[in-house]
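A.B. asks: Build the 3D model from these lines:
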Amino acid sequence: MTVRASAPASESRPLVDGHHRATLALCGRALLSAWFATVTVAEFVGFAVPAGVGALTAAMNPAVSMPALLAAGVVEGAMLGSGQAAVMRRALPGLPGRLWIVVTASAAVLAYAIGLTPSSLAVDTWPRPLAAALAGIGGLVLLASIGTAQWLVLRRHVARAGPWIWATAAAWAAGLGVFLAFAMPLWRPGQSLWLVVGIGVIGGLLMAATTSLITGATLTRLLR
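C.D. replies: Alright, predicted model coming up:
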């Protein structure tokens with residue numbers, strides 16, 4: 001399935017799949033602007049859930065905190081997928097929005113499970129080479145999880161959609177880096193719950209803006 005840019009970026013462009021022709025309502029800067037605004041808010045609201053759950057369950061038994069965080073990951077993934085689908089369906093009318101949300105939420109749970117694995121398995125007590133290997137493999141899978149799951153859907157609607165995987169991985173690497181660089185120096189032992197949550201939420205907003213800007217720019221290029 002291919003996207004043909006036969007008109008200026010400011011005009012509608014046809015999506016041709018060999019069977020039917022649809023009109024791209026969003027493209028170029030309009031697509032990037034809509035994506036950045038909507039997806040940033042969606043990810044910000046979604047991330048507030050695991051940020052709050054993490055703060056509330058930090059002192060609880062892992063048997064309680066881990067399932068709670070995985071459930072919160074479902075919410076974050078569903079919110080992210082919903083925001084993305086809302087914009088993407090205006091650019092690709094044939095994209096199945098519900099499927100996009102499901103695969104995004106599923107990949108988010110996988111990412112959370114990978115992120116929680118080191119603490120649950122006490123990896124810090126393992127031999128360093130083994131722990132480093134696990135961290136490297138787990139990190140790559142975590143970063144690529146959402147982009148790969150979404151690519152399985154996107155490739156049916158956009159030609160050469162492969163860059164979405166690595167671009168999404170890069171977006172999450174950058175977003176998580178921004179979050180950690182902001183939040184970690186500010187978090188201190190003995191802080192009030194609301195301060196801990198507040199720092200996490202602001203960091204989440206910065207993370208959301210970073211990831212949505214990179215993924216939005218990538219989607220805009222793919223649809224040229």
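
A.B. asks: Okay, now the unreliable bits of this structure?
C.D. replies: The model of the chain has pLDDT under 70 over residues 1-25, 118-126, 130-131, 133, 135.

A.B. asks: again, 50 this time
C.D. replies: 1-24 (pLDDT under 50).

A.B. asks: can you give me the helices in it?
C.D. replies: 28-57, 62-91, 97-120, 128-154, 163-183, 193-222 (DSSP state H).

A.B. asks: Now that Gly54 has come up, it's in contact with Gly200, right?
C.D. replies: Yes. Taking contacts as Cβ atoms under 8 Å, Gly54 lies within contact range of Gly200: 7.3 Å. Where C-beta positions appear, they are placed from N, C-alpha and C, glycine not excepted.

A.B. asks: Those two: which is more packed in?
C.D. replies: Applying other Cβ atoms under 10 Å to Gly54 and Gly200 shows that Gly200 carries more neighbours, namely 23 against 16.

A.B. asks: Look up the closest residue to the more buried one, ignoring the ones flanking it.
C.D. replies: Of all residues beyond its chain neighbours, the one nearest Gly200 is Ala51 (3.9 Å), with distances taken as Cβ to Cβ, 6 or more residues apart in numbering.

A.B. asks: Leu116 now?
C.D. replies: That would be Met66: by Cβ to Cβ, 6+ apart, it lies 5.6 Å from Leu116.

A.B. asks: That neighbour: neighbouring residues, count only.
C.D. replies: 18.

A.B. asks: That one and Ile202: what is the separation?
C.D. replies: 25 Å (Cβ to Cβ, to the nearest Å).
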